[in-house]
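**Student:** Got a predicted structure plus its sequence, pasted below:
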Amino acid sequence: MNDSYTWTPGIAVIVTCLLLRRNLRTLGWSLGEEIGWRGLLVPDLYRLTSNFAATCMIGGLVWAAWHYPELIYLYRSGRRTAITLWARR
């Protein structure tokens, strides 16, 4: 019996690379969106209102107006996402 073990890259490496690729793409999209909300919208709103609570409320309303149409579409189409699974409880 041969006691030496040589590791060969196989399906685990391929799956890891594919998952990493997908997660990096999602991370890039999320960071870009978050920079837009936090880096552009919030400072401008705060300059406009000079009130932290008003900035949070208006920012939340803008966020909701942007995201809810997609969430409603996903819910009605039956696609399984974290939000639509939570809403179906």
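**Tutor:** Happy to help now that I have it.
**Student:** which element follows whatever helix or strand L45 lives in toward the C-terminus?
**Tutor:** Using DSSP states H and E, the element containing L45 is helix 42-49. Moving toward the C-terminus from helix 42-49, the first helix or strand encountered (DSSP H and E) is helix 52-77.
**Student:** Off-centre distance for that following helix?
**Tutor:** 14 Å (C-alpha atoms, centre = their mean, to the nearest Å).
**Student:** What of stretch 68-81?
**Tutor:** On C-alpha atoms, centre = their mean, the centre of stretch 68-81 falls 15 Å from the chain's centre.
**Student:** Give me the average confidence score over that stretch.
**Tutor:** The average pLDDT within stretch 68-81 is 75.
**Student:** Give the buried residues for it.
**Tutor:** Across stretch 68-81, burial judged by 16 or more other C-beta atoms under 10 Å covers no residue at all. Yep, even glycine has a C-beta here, placed from its N, CA and C like the rest.
**Student:** again with stretch 58-68
**Tutor:** Those would be 58-59, for stretch 58-68 by 16+ other C-beta under 10 Å.
**Student:** Report the distance from the helix holding L45 to the chain centre.
**Tutor:** Counting by C-alpha atoms, centre = their mean, helix 42-49 comes out at 24 Å from the chain centroid.
**Student:** Same question for stretch 36-52.
**Tutor:** Per C-alpha atoms, centre = their mean, the centroid offset for stretch 36-52 relative to its chain is 21 Å.
**Student:** and it, how far apart are its ends?
**Tutor:** Its first and final residues considered, stretch 36-52 spans 18 Å by C-alpha to C-alpha, to the nearest Å.
**Student:** What are the buried residues along it?
**Tutor:** For stretch 36-52, using 16+ other C-beta under 10 Å, the buried residues are 42, 45-46.
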